[in-house]
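In: coords below, sequence missing:
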């Protein structure tokens with residue numbers, strides 16, 4: 001009985017071969033791409049396709065990527081990918097395995113997102129080139145994978161010796177920590193700049209007119225994308241305003257104030 005239990009545990013903890021892990025990744029990516037293609041075809045035929053694209057991302061594609069991550073994590077695909085690399089210490093293996101799993105799920109997101117770029121460009125009538133859009137999303141995926149790995153790996157190791165309640169509480173604290181740290185995380189994941197000269201004066205004037213009480217401001221570089229938006233992130237004592245460069249180029253002071 002003991003031997004049977006031991007062999008069962010070994011089977012559960014042994015990662016799949018690298019060929020099986022690659023096959024699982026490719027299969028999940030192809031399904032994600034198909035979902036993206038079908039989704040964008042359906043959304044473009046609906047009323048208010050811009051809003052429906054948000055639903056496609058939030059209700060269909062994102063949950064599918066989470067499911068893909070769960071499949072990759074439960075099957076140990078991240079560890080299987082590492083078999084192609086030289087042996088390393090156990091703790092480093094754990095970190096790299098987590099990063100590989102997050103990155104693989106992020107690549108599935110990229111494959112799912114790719115078919116929608118052209119549709120978003122058409123329905124919003126914006127100059128959104130596919131190459132730069134995917135490049136920016138890839139940077140976001142790599143950065144987010146690194147952040148999640150650094151944050152979640154210690155949490156996972158800690159939870160192995162803790163109760164489920166402690167793990168849930170730690171996860172809640174982690175989520176709140178990420179929300180509070182977002183003023184510093186966004187510049188890591190997105191291209192930003194600090195306004196200077198006339199642009200700085202204009203943004204400060206607009207903040208004063210709109211009643212925004214923030215500590216500092218960052219410009220989200222959107223290049224040729226006509227994505228005009230503003231967002232405030234951070235705890236009450238450190239609120240940072242993010243404004244897209246397109247917003248400053250397109251909208252006037254009155255429109256800013258109404259936001």
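Out: Arrived safely, thanks for sending. From a predicted model like this one, the values you see are computed outputs, not experimental measurements.

In: what comes up buried for whichever strand or helix holds residue 139?
Out: Taking DSSP states H and E as the definition, one finds residue 139 inside helix 130-159. Across helix 130-159, burial judged by 16 or more other Cβ atoms under 10 Å covers 133-134, 136-137, 140-145, 147-149, 153, 159. (Each C-beta comes from the backbone N, C-alpha and C, glycine too.)

In: domain assignment for this structure?
Out: According to the TED database, the chain comprises the domains 18-189, 198-250.

In: quick one: the ones you listed as JSON lines, columns for mean pLDDT too.
Out: Formatted as JSON lines, the domains of the chain follow (pLDDT from 0 to 100):
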{"stretch": "domain 18-189", "mean pLDDT": "83"}
{"stretch": "domain 198-250", "mean pLDDT": "73"}
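
In: show me what the helix holding residue 139 is packed up against.
Out: Packed against helix 130-159 by the contact rule (3 or more Cβ pairs under 8 Å, 6 or more residues apart in numbering; DSSP states H and E) you find helix 90-124, helix 164-189.

In: next helix or strand past the last one?
Out: Looking back up the chat, that one is helix 164-189. Using DSSP H and E, the helix or strand that follows helix 164-189 towards the C-terminus is strand 192-193.

In: give me the phi and psi angles of the nearest residue to residue 238 once chain neighbours are set aside.
Out: Computed as Cβ to Cβ, 6 or more residues apart in numbering, the closest residue to residue 238 that is not its neighbour in sequence is residue 215, at 5.4 Å. In terms of degrees, to the nearest 10, the main-chain angles of residue 215 are phi -80, psi -40.

In: give the contact list for residue 215.
Out: 234, 238, 239, 240 (Cβ atoms under 8 Å, 6 or more residues apart in numbering).
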